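Colleague: Any chance you could fold what I've pasted below:
(2 chains)
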Amino acid sequence: MFKRFLPTIMAMLVGILVLLGYLLPLKSLAMLRDVILLRWAVVLAAFALLVAYFSLLRVHLLRLTGARKKKFSSLLVVLSALGTLVLVLVQGVEGAWTQQVLAAVLIPGESALLALTAVTLIVAGMRILRARRTAGAVVFVVAAAIILLTTVAYSVSPNVLAVLRQGVDTLATAGMRGLVMGVALGITLTGLRVLLGIDRPHSDE
Amino acid sequence: MGDIIGLIVGVVVTLIIFSYLLGDNVLYRWMLALLVGSGAGYVMGVVINVVLLDWFKEALTADTLQLQIYRSVPIFLGILLLFKGFSSSKLLSRLSVLGNIPMGYLLGAGAGVAIGGALLGTLFPQIAATGAAVTSDNLWNLLRGVVMVSGTIAALLVFSPRSIGKNDETRPAASVRSPVLRRVGEFFIIIALAAAFAGAITTGLTLWVERWSALLKAALSLIGG
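Modeller: All right, here's what the predicted structure looks like:
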């Protein structure tokens, strides 16, 4: 009853009502979707985040009590997670120290990690031809090089290599549209399986 | 004073993360742990402040019965959802099944939004844009439009379950038999992935320059007092 039946009925009912709110041009359905169903979903998502947060703490606390290595990393995760949470709750989002954590730790740290990705990607791109010299790999590297070089050339002289860039852009847009449409079709089918009760991930199935 | 401390902390965080270029090291791993913890704490704090506390306050101050019910239902479902966190506890694991009901709600709402977004926000506009590409009067643009339509269709067919290789037992009876068509589709997909790769490098390099510029500015301001 609680494991399968009620959760499946809930998923089907809510999902179909939300979907009808998008597909049918009825104000009452749109209101039901926006004011009730999705706002409740936002509050529930906040509770789900709470579960995830406690799960993160539990995993690292268990590591601290176990006989494993890397205990100091787990200690850092637990202390920083609790410390930042207390800081945000006490001072609020706009608090001076909360903003300091955001500006001095989170933003520089995450920007530096993304910057590191660029270096890693360039190294991976240079290694790809050494690892496997197939036609696909050659096309990949040549296309990426053309896009990168024409990006620089545009800033130097907008007319240089413009036609070449347009050609590559056309091919890339076509491929990307195919991918995006494939993903959209996949999402639709997966969603429909949930709405029709064929898949029941909420019941761990 | 707070600004200077913030500046120094930002510089230290950046340098420790960049130290990964010299090889995986313990300081880098500790910094990742710190970022994961403080990121999780910050997001949780913001969500509690902006979503949960406001909703609880409004539930307590609701003056009509309808409004009280409206505000209380997600709180009740949310409390049930918290039982999902007890699935590993021997004593409370039986109650974790109650969390399936709000999970069903979340998944149903998510599926409804995802299907609506995929159909109305992606599929229909992309089909319209692809079709519009072949309506140009200009010959060059028309040629580009034809290439775009053929490329989109070929790339889409590569991802069809019908084009799975012969060795796969789940392959349906009918399939995209033309290897040429599959090759053409793969060619377009490779170009699209190369464009995404180049975009990621450009974004990363922009951040790389921005970080080094921030480090330089911090060093200059510390030296200059």
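
Colleague: Dump the helix or strand of chain A with the lowest mean pLDDT to PDB, restricted to CA.
Modeller: Lowest mean confidence among the helices and strands of chain A (mean pLDDT, DSSP states H and E): helix A:135-156, at a mean of 82. The C-alpha atoms that make up helix A:135-156 are tabulated as PDB, following Å, rounded to 0.1, in the frame of the first residue of the first chain:
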ATOM      1  CA  ALA A 135      38.700   9.300 -38.700                       C
ATOM      2  CA  GLY A 136      36.300  10.400 -36.000                       C
ATOM      3  CA  ALA A 137      39.100  11.600 -33.700                       C
ATOM      4  CA  VAL A 138      40.700  13.500 -36.600                       C
ATOM      5  CA  VAL A 139      37.400  15.200 -37.500                       C
ATOM      6  CA  PHE A 140      36.900  16.000 -33.800                       C
ATOM      7  CA  VAL A 141      40.300  17.600 -33.300                       C
ATOM      8  CA  VAL A 142      40.200  19.600 -36.600                       C
ATOM      9  CA  ALA A 143      36.600  20.900 -35.900                       C
ATOM     10  CA  ALA A 144      37.600  22.000 -32.400                       C
ATOM     11  CA  ALA A 145      40.800  23.600 -33.700                       C
ATOM     12  CA  ILE A 146      38.800  25.500 -36.400                       C
ATOM     13  CA  ILE A 147      36.300  26.800 -33.800                       C
ATOM     14  CA  LEU A 148      39.000  27.800 -31.300                       C
ATOM     15  CA  LEU A 149      41.100  29.500 -34.000                       C
ATOM     16  CA  THR A 150      38.200  31.300 -35.600                       C
ATOM     17  CA  THR A 151      37.100  32.500 -32.200                       C
ATOM     18  CA  VAL A 152      40.500  34.200 -31.800                       C
ATOM     19  CA  ALA A 153      40.500  35.400 -35.500                       C
ATOM     20  CA  TYR A 154      37.000  37.000 -35.100                       C
ATOM     21  CA  SER A 155      38.400  39.200 -32.300                       C
ATOM     22  CA  VAL A 156      41.400  40.200 -34.500                       C
END
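
Colleague: That helix near chain B anywhere?
Modeller: Yes - part of helix A:135-156 sits near chain B under the criterion CB under 8 Å from any CB of the partner chain, namely A:G136, A:V139, A:F140, A:V141, A:A143, A:A144, A:I147, A:L148, A:T151. No exception for glycine: its C-beta is placed from N, CA and C like everyone else's.

Colleague: What confidence value was assigned to B:L215?
Modeller: We note a pLDDT of 85 for B:L215 in this prediction.

Colleague: and the residue most central in space within chain B, what element?
Modeller: Centroid check for chain B by CA atoms, centre = their mean gives B:A114 as the closest residue, at 13.4 Å. Using DSSP states H and E, B:A114 falls within helix B:100-116.

Colleague: longest helix of chain A?
Modeller: In chain A, ranked by residue count with DSSP state H as the criterion, the top helix is helix A:162-195.

Colleague: so who does residue 41 touch?
Modeller: I went with chain A, as the question did not name one. Under the criterion of CB atoms under 8 Å, 6 or more residues apart in numbering or on different chains, the contact list for A:A41 reads A:V14, B:Y105, B:L106, B:A109, B:G110.

Colleague: oops, chain B please
Modeller: B:G41 makes contacts with A:S80, A:A81, A:L82, A:G83, A:T84, A:L85, A:L87, A:V88, as judged by CB under 8 Å, 6+ apart.

Colleague: Out of these, which is nearest to B:G204?
Modeller: Looking at the contacts of B:G41 and their distance to B:G204, the nearest is A:S80, at 25.2 Å (CB to CB).

Colleague: coming back round to it: tell me how far the residue nearest to the centre of chain B lies from A:A184.
Modeller: Taking CB to CB, to the nearest Å as the measure, B:A114 and A:A184 are separated by 9 Å.
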